[in-house]
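K.L.:
Dropping the sequence and predicted coords here.
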Amino acid sequence: MSGRPDATERGSAPAEPQPVPAAGTTASTRDVRVSPHGTAAIPGARVVQVQKSLMVHNDGVAAANREAFRGSLVLNVVSSPGSGKTALLERTVRDLDGDLSVAIVVGDLETDNDAERLHAAGAPSVQIVTGTVCHLEAEMVARAVDQLDLGGLDVLVIENVGNLVCPAAWDLGEDLRVTMLSVTEGEDKPLKYPRIFKDADAVLINKIDIAEVVGFDRVRALDAVRKVAPGARVFELSARTGEGVGDWLDYLRERRRLKASAIAAAATDAS
Ligand SMILES: Nc1nc2c(ncn2[C@@H]2O[C@H](COP(=O)(O)OP(=O)(O)O)[C@@H](O)[C@H]2O)c(=O)[nH]1
Ligand SMILES: [Mg+2]
């Protein structure tokens, strides 16, 4: 397996932006910044430069991530910009109220606003600022997670860059792909952007509090989701009012429990 950042880099990031040696082979360079908020490893915001990996390299790093993250349930949350990913994660952290420990890595083209919001909601959060890159890659996530303490962490959430196209192709090492659609985006979006919906373990239809006023056609939207992602769990909810969020939290608890059981079974087999 190749490309996982060396463990000696953990917790020792320099105060000033520093180039990180290329982990890929011959790809063009992509510089992204990583800013932690409220993380145990490094208090305060710091910036680290991260270099891109090749797409083919990505799968190896994603596999290494999966191994490194094995103690936690890992979600990759994708949607269009503005669907309400951050709003739902804020509510998720608040409503779980410590029942499950959650840390979040969030990607945006610019600003660390979302990491600040999520930190304020109670989750250690690391912002990845991708500049011109329209999705997160496994290596960006690996570097960002170096700023977090994974020990005993129940759930690691990766909020991807808002985009229904690019993130679909990049495995980050997650257990679950969570694709969100909000009621203002058009009921046919799953049909227009099938790839990002077809790989979803869960589809969240957000902003149901305004469904009526925007004329959302629920049946048509559910048909579209079912057609493209027949196996996905579907949750209709409102990050704003909290309606439907209880079912989502139950799903997280259940998936966390299943993952913990699988880890325990694997440990028993190995001994
Ligand atoms: N009415 C309503 N607005 C919401 C809901 N969830 C998010 N929003 C609003 O949608 C906008 C985008 O939310 P944000 O969480 O930043 O979206 P993201 O880009 O997907 O992370 C903000 O103005 C939120 O207040 C919801 O459930 N209902
Ligand atoms: Mg966001």
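P.N.:
It's in. Ligands and ions are numbered 1, 2, ... in the order given.

K.L.:
how far away is Gln147 from Glu236?
P.N.:
With the distance defined as CB to CB, to the nearest Å, Gln147 ends up 34 Å from Glu236. Glycine gets a C-beta too; all of them are placed from N, C-alpha and C.

K.L.:
Just want to know which of those two has more residues nearby.
P.N.:
Using other CB atoms under 10 Å as the criterion, Gln147 and Glu236 rank with Gln147 on top: 25 against 19.

K.L.:
burial of Ala265, as a residue count?
P.N.:
Around Ala265 sit 10 other residues, with neighbours defined as other CB under 10 Å.

K.L.:
Wait, a strand at Val178?
P.N.:
Yes - using DSSP: H, G, I helix; E, B strand; the rest coil, the secondary structure at Val178 is a strand.

K.L.:
List the residues that contact Val178.
P.N.:
If a contact means CB atoms under 8 Å, 6 or more residues apart in numbering, then Val178 has Leu75, Asn76, Val77, Val78, Ala200, Asp201, Ala202, Val203, Leu204 as its contacts.

K.L.:
Quickly find the element holding the residue of the chain found nearest ligand 2.
P.N.:
Closest to ligand 2 within the chain is Thr86: 3.4 Å, counting by CB to the ion. Using DSSP states H and E, Thr86 maps to helix 85-96.

K.L.:
Tell me what the spatially most central residue of the chain is bridged to.
P.N.:
What sits nearest the mean C-alpha location of the chain, by CA atoms, centre = their mean, is Ile158, with 1.7 Å. Beta-bridge pairing for Ile158 (DSSP bridges): Asn76, Val105.

K.L.:
Was I right to think it contacts Val77?
P.N.:
Yes - in this structure Ile158 lies within contact range of Val77 using CB atoms under 8 Å: 6.7 Å.

K.L.:
which residues do these two both contact?
P.N.:
Counting by CB under 8 Å, 6+ apart, nothing touches both Ile158 and Val77.

K.L.:
and the stretch 1-150 of the chain, which of its residues are near ligand 2?
P.N.:
Within the stretch 1-150 of the chain, the positions lying close to ligand 2 (CB under 5 Å from the ion) are Lys85, Thr86, Asp114.

K.L.:
The same query, at a cut-off of 8 Å, please.
P.N.:
Proximity of the stretch 1-150 of the chain to ligand 2, by CB under 8 Å from the ion, involves residues Pro81, Lys85, Thr86, Ala87, Leu89, Val106, Asp108, Asn113, Asp114, Arg117.

K.L.:
Which members of the residues you listed are classed as buried?
P.N.:
Neighbour counting by 16 or more other CB atoms under 10 Å classes Lys85, Thr86, Ala87, Leu89, Val106, Asp108, Asp114, Arg117 among these as buried.

K.L.:
sorry, back to before: so which of the residues of the stretch 1-150 of the chain next to ligand 2 are also by ligand 1?
P.N.:
Pro81, Lys85, Thr86, Ala87 (CB under 6 Å from any ligand atom).
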